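*Asks:* build the 3D model from these lines:
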Amino acid sequence: MDQQYICILTFGYFEMSFLEKIERAIRNEFFLPVRFRAAHFDLSETYDIVRRQYNGNNLLKEVDAMAYPNAIKTIGLFNVDIFVPILTFIFGQATLDGQSGIASLFRLNNTHYGLPEDEDLLLERFQKEVIHELGHTFGLLHCHAPQCVMRSSTYVEDIDQKETHFCMECRNKLNTTAFIATTFRKH
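*Replies:* Take a look at the predicted model:
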């Protein structure tokens, strides 16, 4: 049996150096191997012409359907504006205790807010968002600790205030899941 891993599905172009930094951040938080796969489907099927955005629920369903058999979790990376019907926009979404999540760069870039481009800040924000959504797939709820990566983020400024790491309470919850606990014992 192949070793289980976290699968990153990329939809659209992402620079390899950028993806390698995302991979390193995931490995540092989850202690699991990470594999990349380029993925494709017709995004227009998830586009809402009235909102001029992509429906996060539908994107998540597509990513979930593409999950690889040995992937313990799958995260789809996008660079489109996403929403769910009850919110104006979202940075990402995941199924709690499920297989998959999604994250998008679109609203994380400073240029979206009329500010100068900052690649380091963009990377940091995206790392936090990816780790946050993967945390949900491992069963973690939103956290109230101000700097925990699992704190809810309504605005990009909220993401900036968080760290890229789990607080001690969330780390302990994560460690109690059977798969993660087994992985920690192996290292």
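*Asks:* tell me where this structure has strands.
*Replies:* 5-10, 34-38, 47-48, 53-55, 71-78, 82-84, 87-90, 92-94, 100-104 (DSSP state E).
*Asks:* and the lengthiest helix in the chain, what does it pack against?
*Replies:* Once the chain is assigned using DSSP state H, the helix that runs over the most residues is helix 119-137. For helix 119-137, the packing partners by 3 or more C-beta pairs under 8 Å, 6 or more residues apart in numbering; DSSP states H and E come out as helix 16-30, strand 71-78, strand 92-94, strand 100-104, helix 156-161. Any C-beta I mention is one placed from the backbone N, CA and C, and that applies to glycine too.
*Asks:* contacting residues around that helix?
*Replies:* 6, 18, 21-22, 25-26, 29-30, 73, 75, 77, 91-103, 105, 108-110, 149-150, 153, 156, 159-160, 162-164, 166, 170, 174 (C-beta atoms under 8 Å, 6 or more residues apart in numbering).
*Asks:* redo that, cut-off 6 Å
*Replies:* By C-beta atoms under 6 Å, 6 or more residues apart in numbering, the residues outside helix 119-137 that reach it are 21-22, 25, 29, 73, 75, 91-92, 94, 96, 98, 101, 103, 105, 108-109, 149-150, 159, 162, 164.
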